[in-house]
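A.B. asks: pasted the sequence and its predicted model underneath.
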There are 2 protein chains.
Amino acid sequence: MPVNFTPPLPEQLLPIKGVALGTAEAGIKKPDRKDLLVITLDECTKVAGVFTRNDFCAAPVIVAKEHLLSLNSLCSIRALVVNTGNANAGTGEGGITSARATCAELARLLGCNTHQVLPFSTGVIMEPLPLERIIAGLPAAVADLKTDNWFAASQAIMTTDIVSKAASKQVSLNGATATITGIAKGSGMIHPNMATMLSYIATDAALSQPLLEEIVRYAAENSFNRITVDGDTSTNDAFIVIGTGRAGNSAITDNESAEFAQLRDAITEVAAQLAQAIIRDGEGATKFITIQVEGGKTRDECLKVAYAIAHSPLVKTAFFASDPNLGRILAAIGYAGIERLDVNRLRLYLDNVLVAEKGGRAEGYLEQDGQRVMKQPEITVRVVLNRGHASTTVWTCDLSYDYVKINADYRS
Amino acid sequence: MPVNFTPPLPEQLLPIKGVALGTAEAGIKKPDRKDLLVITLDECTKVAGVFTRNDFCAAPVIVAKEHLLSLNSLCSIRALVVNTGNANAGTGEGGITSARATCAELARLLGCNTHQVLPFSTGVIMEPLPLERIIAGLPAAVADLKTDNWFAASQAIMTTDIVSKAASKQVSLNGATATITGIAKGSGMIHPNMATMLSYIATDAALSQPLLEEIVRYAAENSFNRITVDGDTSTNDAFIVIGTGRAGNSAITDNESAEFAQLRDAITEVAAQLAQAIIRDGEGATKFITIQVEGGKTRDECLKVAYAIAHSPLVKTAFFASDPNLGRILAAIGYAGIERLDVNRLRLYLDNVLVAEKGGRAEGYLEQDGQRVMKQPEITVRVVLNRGHASTTVWTCDLSYDYVKINADYRS
């Protein structure tokens, strides 16, 4: 079960003016489960996204980027369509044709242009998209469209997720109240770079397109990119921020304004909550681990140390076993590839317990204190490098028997 | 059980003139198991080594490097001492003192200088070395010294290894027969960078010190460094090559001579056999996987692709499940970080079966053919990048339930 995470109740997810959502059972891979989501956007809605940087990027990613680029100020994105059960990745030219055909059919049903629809897919890769089933399922999803449908939407995009992930938040912008609601899916956690992560966050706040682009990058950098390796992403990853501009605030156009910072931070908070939910629901996860690296020369070297710890299977199995195996953490720091690291200067903490310093076990450290921390479902590993003022935080989970089981059985 | 690997019989391991080996039960961590090895070398023996590049390097590594550097042409290494059960890593100044004290005591017993002894340790890290037990065990190991003791030596250095690893080979050098015998330990395989690898290879061939240094680097690069990430090594890794010069060949001093190439290749072959044995005995391994990357612009980019595949837990669990999950392999290639990779040009083979090309599943590829290959205990993944003439090979194993079990229970 997910670590300290309960999905929000449907009524806790606030509708966003200008956004409607509808789901359907298209039978793409398994019967009797919702596997198709349509999101429609009122006219003049702004959309910005960041996508996977994997060289093998899936057909829907190629088409979504194409459609986003082809729009001009007179013509906005009117719909998103997401299917689970099949990622339409590694499917060659046929995959592109299928992604375009999906958009064309939804455009026909909604009365807009094919380029105004963005397609997304997640599921097994290298298998042809069952286009007919998706097309056959679209009318039901369209018939289901309603504004208070975020909870159903969060459920329809699940794959190996155990729980659905969604969050809402409100922020006051110069007197007007703006609402932010988002959903996400993803749970393949040991190397998240290969497990599809999809997230859609919408706000009714009014702001300019360049500022929306700035927010999507900033929010990704401080949420979903903190649970994955820079530049290493799956074939299908996408994070979309939608701004409908219907909150009644005067449009934000200055990225130095207080309103901009408020909105950016609120959206980032929702994104971070969703990103953490992905880790809490990590495949086979039994522990939620926060890795804080401080006192580095640059943020980049802090990230290297954090990811070396977060990606070490030996460290992750030790967390699973509640074993305060300091040596494995120190060895990971040692091979992180930091230039001229003086291991005698760094300090390592498990929560507030100083466990290592001066190149070895800290004086006065008792294994029982480390053990106590390691038994908790939430653990903070804090590394103080003592060579500069940069810092970063990364979130990860442990590596359990169940991780192997889930991933060995995935296709059966 | 190890994948297609049977340890050699004691009589298959050929003695090396000038090298004697003795083992003992010092009770360092567990009773009733050999955990101490002493290797003595006759006078004028040449020794060269490569060590971990981890910034956290263990006390014995620091001392061994110091002793190797302090020697001059008049004074040679006379002994090596290896203990299991405790890695003497992350033990601060006290650890250095203990490593030096071990050398001093063995030097006293053998009648040589402390600097003529190299210490090695493997086992749990961050725990103080039980120096008294090691010192108490040394006389028994010295009393056991004999030249035909390589098999017992290979057993005494095992930790989580299921089988001992050793190999012998002979090579004719201008009429004289030179013998090569080596042993190795190591089995923590998913990220070998954190699992100690120790290997000692001795030959009676006569050659100059600079050429021995060249051979140790070449052999490491084409064996143990092909099962690990460049520069990412554990706290204790060491690979030592010993040349006693007693084979009767005229000493090799020219690195362009045929004899040099013959000797270098024979030693590298023994090293590769030992390195592969480490993978075959990988923790929880059920499959031995060879990853060949060809047609790259540089060897470095071939290595990046090979390691991206070899380190992906998703790929490794698919091997465990005998699942020809091409998508996971392609996604790993896609995030390997190669500049301007055109995924439409590469070809992917499982053994001789062409499974992917043109960015997707190969035409005519049948899943049953991929399945047949994946069910074998030995699998070759071949990636043809089609953008240059460089190539490389990396060996790895799958990721099973047992890997998690072994590493979660390691200290209990």
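C.D. replies: Received it, and whenever you're ready, just let me know what you need.
A.B. asks: where along the stretch 151-300 of chain A do the helices fall?
C.D. replies: Secondary structure of the stretch 151-300 of chain A (DSSP state H, counting those that start in this stretch): helices located at A:209-221, A:258-280, A:299-311.
A.B. asks: just checking, what packs against the first one?
C.D. replies: To tie it back to what came earlier, the one meant is helix A:209-221. strand A:46-51, strand A:238-243, helix A:258-280 (3 or more CB pairs under 8 Å, 6 or more residues apart in numbering or on different chains; DSSP states H and E). For the C-beta atoms, the positions are set from N, CA and C on the backbone; glycine is no exception.
A.B. asks: next, the buried residues of that helix.
C.D. replies: Residues of helix A:209-221 classed as buried under the neighbour-count rule (16 or more other CB atoms under 10 Å in any protein chain shown) are A:Leu211, A:Leu212, A:Glu213, A:Glu214, A:Ile215, A:Val216, A:Tyr218, A:Ala219, A:Ala220.
A.B. asks: skipping adjacent residues, who's closest to A:Ile252 in space?
C.D. replies: Nearest non-adjacent residue to A:Ile252, counting by CB to CB, 6 or more residues apart in numbering or on different chains: A:Leu207, 4.0 Å away.
A.B. asks: all helices for the stretch 1-150 of chain A, in order.
C.D. replies: A:59-70, A:92-110, A:131-143, A:150-156.
A.B. asks: before we move on, back to that, can you redo the helices of the stretch 151-300 of chain A as JSON lines with mean pLDDT and distance to A:Gln292?
C.D. replies: Below are the helices of the stretch 151-300 of chain A laid out as JSON lines (pLDDT from 0 to 100; distance: least, CB to CB, whole Å):
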{"stretch": "helix A:209-221", "mean pLDDT": "95", "distance to A:Gln292": "17"}
{"stretch": "helix A:258-280", "mean pLDDT": "95", "distance to A:Gln292": "14"}
{"stretch": "helix A:299-311", "mean pLDDT": "92", "distance to A:Gln292": "8"}
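A.B. asks: turn the ones you listed into JSON lines, columns for distance to A:Leu173.
C.D. replies: Below are those laid out as JSON lines (distance: least, CB to CB, whole Å):
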{"stretch": "helix A:209-221", "distance to A:Leu173": "12"}
{"stretch": "helix A:258-280", "distance to A:Leu173": "5"}
{"stretch": "helix A:299-311", "distance to A:Leu173": "29"}
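A.B. asks: A:Lys17 versus A:Glu11, what's the distance?
C.D. replies: Here the criterion is CB to CB, to the nearest Å. By it, A:Glu11 lies 17 Å from A:Lys17.
A.B. asks: between those two, tell me which one has more neighbours.
C.D. replies: Neighbour totals were compared for A:Glu11 and A:Lys17, and A:Lys17 leads with 15 against 8 (other CB atoms under 10 Å in any protein chain shown).
A.B. asks: spatially nearest residue to that one, not counting backbone neighbours?
C.D. replies: That would be A:Arg246: by CB to CB, 6+ apart, it lies 3.9 Å from A:Lys17.
A.B. asks: next: A:Thr177.
C.D. replies: Nearest-residue entry for A:Thr177: A:Gln170, 5.5 Å, with adjacent residues in sequence omitted and distances by CB to CB, 6+ apart.
A.B. asks: follow-up on the earlier one: okay if I get the helices and strands packed on helix A:209-221 as CSV plus distance to chain B and mean neighbour count?
C.D. replies: Formatted as CSV, these follow (distance: least, CB to the nearest CB, whole Å; neighbours: other CB atoms under 10 Å in any protein chain shown):
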stretch, distance to chain B, mean neighbour count
strand A:46-51, 13, 22
strand A:238-243, 15, 27
helix A:258-280, 15, 22
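A.B. asks: related to what we said a few turns ago, which of the helices of the stretch 1-150 of chain A sits closest to chain B?
C.D. replies: helix A:92-110 (3.6 Å; CB to the nearest CB).
A.B. asks: only C-alpha atoms, please: export the closest one in PDB.
C.D. replies: Presented in PDB, the C-alpha positions along helix A:92-110 are these (Å, rounded to 0.1, in the frame of the first residue of the first chain):
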ATOM      1  CA  GLY A  92       7.000   3.700 -36.100                       C
ATOM      2  CA  GLU A  93       5.000   5.600 -38.700                       C
ATOM      3  CA  GLY A  94       1.900   3.600 -38.000                       C
ATOM      4  CA  GLY A  95       1.900   5.000 -34.400                       C
ATOM      5  CA  ILE A  96       2.000   8.600 -35.600                       C
ATOM      6  CA  THR A  97      -0.900   7.900 -37.900                       C
ATOM      7  CA  SER A  98      -2.900   6.400 -35.100                       C
ATOM      8  CA  ALA A  99      -2.200   9.300 -32.800                       C
ATOM      9  CA  ARG A 100      -3.300  11.800 -35.500                       C
ATOM     10  CA  ALA A 101      -6.400   9.700 -36.200                       C
ATOM     11  CA  THR A 102      -7.300   9.800 -32.500                       C
ATOM     12  CA  CYS A 103      -7.100  13.600 -32.500                       C
ATOM     13  CA  ALA A 104      -9.000  13.900 -35.800                       C
ATOM     14  CA  GLU A 105     -11.900  11.800 -34.500                       C
ATOM     15  CA  LEU A 106     -12.100  13.800 -31.300                       C
ATOM     16  CA  ALA A 107     -11.900  17.000 -33.200                       C
ATOM     17  CA  ARG A 108     -14.800  15.800 -35.400                       C
ATOM     18  CA  LEU A 109     -16.900  15.000 -32.400                       C
ATOM     19  CA  LEU A 110     -16.100  18.400 -30.700                       C
END
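A.B. asks: how far off helix A:131-143 does it point, in degrees?
C.D. replies: Using axes from the mean of the first three to the mean of the last three CA atoms, to 10 degrees, one finds that helix A:92-110 and helix A:131-143 are set 30 degrees apart in direction.
A.B. asks: follow-up on the earlier one: show me the contacts for the residue nearest to A:Ile252.
C.D. replies: Contacts for A:Leu207 (CB atoms under 8 Å, 6 or more residues apart in numbering or on different chains) come out as A:Lys46, A:Ile215, A:Gly243, A:Gly245, A:Ala251, A:Ile252, A:Thr253, A:Phe260, A:Leu263.
A.B. asks: contact partners for the nearest residue in space to the third one that is not next to it in sequence?
C.D. replies: Just to be clear, that refers to A:Gly243. Once flanking residues are discounted, A:Gly243 sits nearest to A:Lys46: 4.4 Å by CB to CB, 6+ apart. For A:Lys46, the contact set (CB under 8 Å, 6+ apart) comprises A:Ser76, A:Leu207, A:Ser208, A:Gln209, A:Leu212, A:Ile242, A:Gly243, A:Thr244, A:Gly245.
A.B. asks: using the three-state scheme, assign the residue lying closest to A:Arg226 once chain neighbours are set aside.
C.D. replies: Excluding the flanking residues, the one nearest A:Arg226 by CB to CB, 6+ apart is A:Val394, at 5.3 Å. Three-state call for A:Val394 (DSSP: H, G, I helix; E, B strand; the rest coil): strand.
A.B. asks: A:Arg340: neighbouring residues, count only.
C.D. replies: 7.
A.B. asks: how far away is it from A:Gly360?
C.D. replies: Counting by CB to CB - A:Arg340 and A:Gly360 are separated by 20 Å.
A.B. asks: point out where the stretch 151-300 of chain A drops to low pLDDT.
C.D. replies: A:187-195, A:228-233 (pLDDT under 70).
A.B. asks: can you rerun that using 90?
C.D. replies: Along the stretch 151-300 of chain A, segments meeting pLDDT under 90 span A:159-162, A:174, A:186-197, A:221, A:224-237, A:278-286.
A.B. asks: any idea how far the closest residue to A:Leu346 other than its chain neighbours is from chain B?
C.D. replies: Excluding its sequence neighbours, the residue lying closest to A:Leu346 (CB to CB, 6+ apart) is A:Leu385, at 5.3 Å. Distance, A:Leu385 to chain B, using CB to the nearest CB, to the nearest Å: 11 Å.
A.B. asks: quick check on A:Leu385: phi, psi?
C.D. replies: Dihedral pair for A:Leu385: phi -80, psi -20, per degrees, to the nearest 10.
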